[in-house]
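# Have a look at this prediction, sequence included:
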Amino acid sequence: MSHAAPAAPPSVPAAAPRTVALLAEFDSPGALLTAAELVRDAGFRRWDTHTPFPVHGIDQAMGIRRTRLPWIVFAAGLFGCTAGLVLQWFTNATSAADAPGLWTIFQGYNYVISEKPALSLPAFVPVIFELTILCAALAAVIGMLAMNDLPRHPHPLLALPRFRRVTSDRFYLVVDADDPQFDPVRTRAFLRQLPHAVAVEDVPEDRSSAALPRGLVIAITILVALALLPPLLVARARLSKTTEPRIHLIQDMDNQERFKTQQAGPFADRRASRPPIPGTIARGDLAGDAHLLTGRLGNDWAATFPASLAIDLPFVQRGRERYGVFCAPCHGYGGAGDGIVSQRALRLNTEGWVQPTSLLDQTVRDRPVGHIFNTITNGIRSMPPYGDQIPPADRWAIVAYIRALQRSQNARLEDIPPHVQADLR
Amino acid sequence: MAAHPVEIDNTWERPGERAPLVTGGHTFASLTDTVCAVWEAPRPPRAWYIAFTISVALLAVFGAMIGYLIINGVGVWGLNNPTGWGFDITNFVFWVGIGHAGTLISAILFLFRQKWRTSINRFAEAMTIFAVMCAGVFPAIHVGRVWLVYWLAPYPNQMAMWPQFKSPLLWDVFAVSTYATVSLLFWYVGMIPDLATFRDRARTRLKRIIYGLLALGWTGSSRHWHRFERAYLILAALATPLVLSVHSVVSFDFAVSQLPGWHATIFPPYFVAGAIFGGFAMVVTLAVPARALFGLRDLITLRHLENMCKIILLTGLIVGYAYAMEFFIAWYSGNPFESFIFRSRALGPYAWAYWTMIACNVLAPQLFWFKRIRTSQLAMFLVVMAINVGMWFERFVIIVTSLSQDFLPSSWDYYRPTAVELLTLAGSFGLFFTLFLLFCRYLPMVAMAEVKTVMPHADPHAHPHAHVPATRRFDYNPDEFDQEPPA
Amino acid sequence: MARTAQYASERRRFERGPDRLAAAAAGLGLAGLAAGLALGPRVGWDVFFRSYLLNYCFVLSLALGALFFVMLQHLTRAGWSVALRRIAEFVVAALPWLAVLFLPLLIPVFQGRAGVYKWSSPEVVAGDPLLQAKAAWLNPAFFTVRCLVYLAVWSLLAVVLVRDSVRQDATGDVAHTHRLERWSAPGMLLYGLTVTFFAFDVLMSLNPHWYSTIFGVYFFSGCVVGFFALLALLVLSVQRAGGLTASVTVEHYHDLGKLMFGFVVFWAYIAFSQYMLQWYANLPEETALYFARQNEPWWRGVSLLLLVGHFVAPFLALISRFPKRRPGLLLPAAVWLLAMHWLDLYYLVMPRPHGTAYKPAAYLHWTDLALLVGLVGPFVAAVVRPMARHALLPERDPRLTEALAFENI
């Protein structure tokens, strides 16, 4: 209604284009359906109708069979589902150890997250679901376009001015010249006689060039060339060798304004590093009371407590308190090696766990106090050293308490003070 | 048919007779003319230019803020410990939620055979695409080292490192990208017949070529329509669980944690309902001016607007239900942390945000119980603007209150957005509206082919030339047609 | 033409058949109840009441699904479903009867049976600070009041919806349609709240330390799945008995199949949300529920059967058009879904919480079967009885012509 007829094409050479189809135009969907049934029943095979919208009932009127597209989509969905499961199982539930020969870039990485099992189906469901939908949707679109043979070279119909109204308000029935029943005269007459046909026209073959206009081709070529540029530059950078430092665009805190050791600095002595302050002692060089600090007397373990410490009740109570802080978790409050850490490790069957020594054993009772002091300071076997956490005096207090614990499990009635003995009877 | 100033009210309906969905006595041709007029006009209306200028300015602000962020780092935002997520994730969830209405209109209303969706589904789907684009920007820029964001994808690498698939943040990557892809496909595939309309009406060679390429050579063949309809139905059936899953996965970001106020099993359907609620509010926000500006009053009728208001009311009630459930269970659970967070939301430092949310999301939509409000464009526009604001605040309240006041009081801190964050939010609207305005001008705004199917003329059993199914097979004898009949 | 003739000749009323069937069902139900009562002392009254609860919730959920369906069709002014709506209304009409059948469940509550509702037992509550914190909500008196309110609301809605629809058969007055629409909107609101809180009170409080904000929606999704399966079954039975042979077409079955499929997926979505979120956060007060349902071979089997039978199998079976358009194939699917819905409720109700005084000797009891018959019997009687008095479809509904003519995509 509102578009003008295009200008006539430039005059073509002498031979007239051959007719590839015959077209009948209708102005209502009802008329088209009636006509389609007639053409269907007449036995034509290579024919089609063209409408601005899908007409209800045209499938039956034309005898169009149901498409196989849903099955393709279902298969793609199954593929997506499987792909999602395999992807997540492989990347998150396997590790290099499971596939030792595999190229590193394809080996899995087994995350340990909150003790969730590596193959956690509840956690894998969302991605599986999304991939299913994605694959199914892609199959639906690509399948539909492929089965419709789209995109395609412009159909000869599109060159026909009358056909322009197919996307507006007119309905067309087109019989191909390839149809076995096609006859230029008879078929045209037949179409003319279809009820309510507005017009019947020849569809000439489209001799116009199918090539894209020059400008567009040049533009696309330039764009493609520009798009190839970044990957080529990257490839060149990866493959080339150079003595120049690489271009470091994102600094990422890599090059910081700070002084490193041995560099020249702003201080008077022109060093960046500062000498240690007077009175600094290197580790292990502290000269003091060896008995107090190491538990040794000469080359032997000290069998007595250092003279500078008063072994009285507050001292032993301090030792008890410190023992409770540092030692009881593994060795237990009673010293029997049944601390809660040990209990839990045993319950969890932790690999390599050895139960802590019972401090009440004869071996430990027979050890000199200096040996025990050294064990606290430096550790022994799988016990870590506590020398950095506990000052020397407190370590001796712990040793005193350990002796008290040992005594408590190996005492005789006579060792107990008389006034307490009376309570026990 | 020229646009007429009088509003035709097709919201009343006698049971048994369906009200017309296209008013104004259109024919197929006049409908095509009306929709194509937006594109064929030599110049868009002046209001379009004004809106476009503002949008592009906001878009420039968006680009500037993102550039500033990437160069200087996430410190330009107001995020702190413990509030590691603030405006960034609020905006992300807000925009993803808006996108959901488009898919609901396209896919879910299609499955429910709601014919009125045909006038609005095209621009609603476009709204979805653009909203998802806006949404996708935020997770990308909030990671800190944006240039490494490709690490989220599972690709083989020399470190033998893969993403952590048990994390909802990674499920988000898959969900949102699938949603973007499928929405784009759905939108584009649905547009092919209308792009063909543009191709057939194009007056310049360049337009004919561009729209011809986009239309992929569509000829309206019924054999093609058959597969097209099937694919459209399948896409609708796929998009429906997809849209439910996407916002559910977004809700999993919060609900899988142990934070009070975040860990609630109702989050997935609650978020989906909230997304549809906010999304429809945005659709109405766009539809009310667009129908007046572009002369589409006969296609996007009062009935369409009223139906959208009803859906907004329904989803608003579902959101209110979810608020009530969270609140009740917070008490019922006997968990002091849970009940604290709900008291704190209403009475604590973010009470201003909470009560804004309640007023906008629970109270404002109740106005839609009244038909006067549902059919008044000004009233509904005001209500949906309130809902847009309210839905943004809902995400803000959920994210920020639970983070800023978690289990350990000594960790609590108040989160304040910086100017950069505020401008980034404003700028995201620039991206959205720029793309939307371009869409209105250069692409078919209404799904012409679909609207034609719901017009009475599309019924083959209607006049003129009503089709009567053949009772017996036609006997074709070619010899009867030996001669050309008189012209 | 031919179609009109078919409508004219189809049967739209059953005369005495339903009454006989109702009597038989009621009789069977009574026998089941009696058998259950006889077995009560043998299995223990705790088990008896749990079986009663399980089967009661089963039949109630079907009626609640019907209530939702009917109100939804009114709200959306649907045309396609009008031919089926009366049959759904018959199921809704069972609600007042089901209200009466609820009353025996108050017995264990007032007896303080810890084996049924832990919170009803004062001794258990005295030793449990969490139950003391909830005692304002979970106590026998308030529980009773709330349940009576739910039942009253449902009965009221049932009476209004069925009465107006039936009255329209005589006059065809459009005012009935408008009234039904007007009742459906607030009705839906009340429905959402009452069904949710019913689920919280009667089902969720079986495990009073556990909680889930989505539980109401979960119960609702089961109601709807069960109802659509029941509707398919009922419509098929009516057609086999000779009624509505022309009004209900393959297009209606297609839609019923689509709805069954859609709500199976919806149920799976809700069930998965609930499960996965609680699995992921791994909080002991939440995972205790699933732990009890996964740490024994029997319950692990039930969980797997639920996953495969309630979701995977129906999904694959109903995804294609093919079975949806063949009523003969839809029938076994419907029966299977009803069984799976029962299994879902069994999974919720039957595992005994830790720390109660008894441990079951078996996982399935004869009371489960006896009371299934005992409750389904009266339910069927209540559904079938109105069929003798009213037409099988809303004969003068203004939208009936749409229902008769629609075709699927």
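Structure's in. What do you need? In this text the structure is predicted, and so the values were computed from the model without any measurement.

# Would the host helix or strand of B:Thr53 count as contacting chain A?
Assigning secondary structure by DSSP states H and E places B:Thr53 in helix B:46-72. No - using C-beta under 8 Å from any C-beta of the partner chain, we find that helix B:46-72 stays clear of chain A, coming within 9.4 Å at best. (C-beta placed from N, C-alpha, C; glycine too.)

# Report the mean confidence score over that helix.
Per-residue pLDDT over helix B:46-72 has a mean of 96.

# Likewise for stretch C:142-149?
Mean pLDDT, computed over stretch C:142-149, is 97.

# How about stretch A:74-91?
For stretch A:74-91, mean pLDDT is 96.

# Using PDB, list the CA coordinates for that stretch.
Listed next in PDB are the C-alpha coordinates belonging to stretch A:74-91 (Å, rounded to 0.1, in the frame of the first residue of the first chain):
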ATOM      1  CA  PHE A  74      16.300 -34.500  22.300                       C
ATOM      2  CA  ALA A  75      19.500 -36.200  21.100                       C
ATOM      3  CA  ALA A  76      21.400 -33.000  21.400                       C
ATOM      4  CA  GLY A  77      20.000 -32.500  24.900                       C
ATOM      5  CA  LEU A  78      21.200 -36.000  25.900                       C
ATOM      6  CA  PHE A  79      24.600 -35.100  24.600                       C
ATOM      7  CA  GLY A  80      24.700 -31.900  26.500                       C
ATOM      8  CA  CYS A  81      23.700 -33.700  29.700                       C
ATOM      9  CA  THR A  82      26.400 -36.300  29.300                       C
ATOM     10  CA  ALA A  83      28.900 -33.700  28.300                       C
ATOM     11  CA  GLY A  84      28.200 -31.700  31.500                       C
ATOM     12  CA  LEU A  85      28.600 -34.700  33.700                       C
ATOM     13  CA  VAL A  86      31.800 -35.900  32.000                       C
ATOM     14  CA  LEU A  87      33.300 -32.400  32.000                       C
ATOM     15  CA  GLN A  88      32.700 -31.900  35.700                       C
ATOM     16  CA  TRP A  89      33.700 -35.400  36.700                       C
ATOM     17  CA  PHE A  90      36.900 -35.300  34.700                       C
ATOM     18  CA  THR A  91      38.000 -31.800  35.600                       C
END
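
# Let me see the contact set for the one residue in the stretch 51-200 of chain C that gets nearest to chain B.
For the stretch 51-200 of chain C, the nearest residue to chain B under the criterion C-beta to the nearest C-beta is C:Ala133, separated by 4.2 Å. When contacts are counted by C-beta atoms under 8 Å, 6 or more residues apart in numbering or on different chains, C:Ala133 touches B:Gly334.

# just A:Glu25 next, same as before
Going by C-beta under 8 Å, 6+ apart, A:Glu25 touches A:162, A:170-172, A:197-201.

# so what pLDDT did B:Pro5 get?
Value listed for B:Pro5 in the pLDDT field: 59.

# follow-up on the earlier one: what about the helix holding B:Thr53, distance to the chain center?
21 Å (C-alpha atoms, centre = their mean, to the nearest Å).

# which other helices and strands contact whichever helix or strand comes after it?
Per DSSP H and E, the first helix or strand lying C-terminal to helix B:46-72 is helix B:87-103. Here helix B:87-103 touches helix B:121-142, helix B:168-201, helix B:222-255, helix B:267-293, helix B:377-396, helix B:419-442, going by 3 or more C-beta pairs under 8 Å, 6 or more residues apart in numbering or on different chains; DSSP states H and E.

# What mean pLDDT does the second one get?
Spelled out, it's helix B:168-201. Taken as a whole, helix B:168-201 has an average pLDDT of 96.

# does chain A sit close to it?
Yes - judged by C-beta under 8 Å from any C-beta, helix B:168-201 comes into contact with chain A at B:168, B:170-171, B:174-175, B:178, B:181-182, B:185-186, B:189, B:193-194, B:196-197, B:199-201.

# now, which of the residues you listed lie close to chain C?
Near chain C, judged by C-beta under 8 Å from any C-beta, there are no entries from the residues of helix B:168-201 next to chain A.

# Of the contacts of A:Glu25, which is the nearest to B:Phe277?
Taking C-beta to C-beta as the measure, B:Phe277 sits nearest to A:Phe171 out of the contacts of A:Glu25, at 41.5 Å.

# Now do the phi/psi pair for the closest one.
With angles defined as degrees, to the nearest 10, A:Phe171 sits at phi -120, psi 140.

# before we move on, the earlier item: can I get the helices and strands packed on helix B:87-103 in CSV with distance to B:Glu17?
What follows is those, written out as CSV (distance: least, C-beta to C-beta, whole Å):
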stretch, distance to B:Glu17
helix B:121-142, 24
helix B:168-201, 29
helix B:222-255, 27
helix B:267-293, 24
helix B:377-396, 25
helix B:419-442, 34
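
# Rebuild these as TSV, extending it with mean neighbour count.
Shown next, in TSV, are the helices and strands packed on helix B:87-103 (neighbours: other C-beta atoms under 10 Å in any protein chain shown):
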stretch	mean neighbour count
helix B:121-142	23
helix B:168-201	22
helix B:222-255	24
helix B:267-293	25
helix B:377-396	21
helix B:419-442	19
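
# any low-confidence regions in the stretch 1-150 of chain C?
Residue ranges of the stretch 1-150 of chain C with pLDDT under 70: C:1-4.

# So which bits of it are right by chain B?
C:77, C:80, C:130, C:133-134, C:137.

# residues from the stretch 201-350 of chain C in reach of chain A?
Residues of the stretch 201-350 of chain C lying close to chain A by C-beta under 8 Å from any C-beta are C:272, C:275-276, C:279-280, C:282, C:319-320.

# ok so, going back, wait, which of the helices and strands packed on helix B:87-103 is closest to C:Ala403?
For those, the distance to C:Ala403 is smallest for helix B:222-255, at 21.8 Å, taking C-beta to C-beta.

# which outside residues touch the host helix or strand of A:Leu78?
In the assignment (DSSP H and E), A:Leu78 maps to helix A:69-93. Residues outside helix A:69-93 that contact it (C-beta under 8 Å, 6+ apart) are A:108-111, A:118-119, A:124, A:127-136, A:138-140, A:143-144, A:147, B:154, B:162-166, B:227, B:230-231, B:234, B:238, C:319-320.

# buried ones in the one helix or strand in chain B whose mean pLDDT sits lowest?
Across the helices and strands of chain B, the lowest-confidence element by mean pLDDT, DSSP states H and E is helix B:205-214, at a mean of 91. Buried residues in helix B:205-214, counted by 16 or more other C-beta atoms under 10 Å in any protein chain shown: B:207-212, B:214.

# and A:Arg322, what does it touch?
Taking C-beta under 8 Å, 6+ apart, we find A:Arg322 in contact with A:390, A:394, A:397-398, A:401.

# ditto for B:Asn361
B:277, B:316, B:319-320, B:387, B:390-391, B:394.

# Show the low-confidence segments of chain B, by residue range.
Looking at chain B by pLDDT under 70, you get B:1-6, B:483-487.

# repeat that with 50
Applying pLDDT under 50 to chain B flags residues B:1-3.

# which parts of it sit against chain C?
B:13-16, B:111, B:113, B:229, B:233, B:241, B:244, B:248, B:252, B:255-258, B:263-269, B:317, B:321-322, B:325-326, B:329, B:332-335, B:369.

# before we move on, back to that, what's the least confident helix or strand of chain B packed up against?
helix B:168-201.

# The residues of the stretch 201-350 of chain C next to chain A, buried ones only, as a PyMOL selection?
Selection of buried members from those for PyMOL, criterion 16+ other C-beta under 10 Å:
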select buried, chain C and resi 272+275+276+279+280+319
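
# I'd like the residues of the stretch 201-350 of chain C next to chain A laid out as JSON lines, including secondary structure.
Converted to JSON lines, those look like this (DSSP: H, G, I helix; E, B strand; the rest coil):
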{"residue": "C:Phe272", "secondary structure": "helix"}
{"residue": "C:Tyr275", "secondary structure": "helix"}
{"residue": "C:Met276", "secondary structure": "helix"}
{"residue": "C:Trp279", "secondary structure": "helix"}
{"residue": "C:Tyr280", "secondary structure": "helix"}
{"residue": "C:Asn282", "secondary structure": "coil"}
{"residue": "C:Ile319", "secondary structure": "coil"}
{"residue": "C:Ser320", "secondary structure": "coil"}
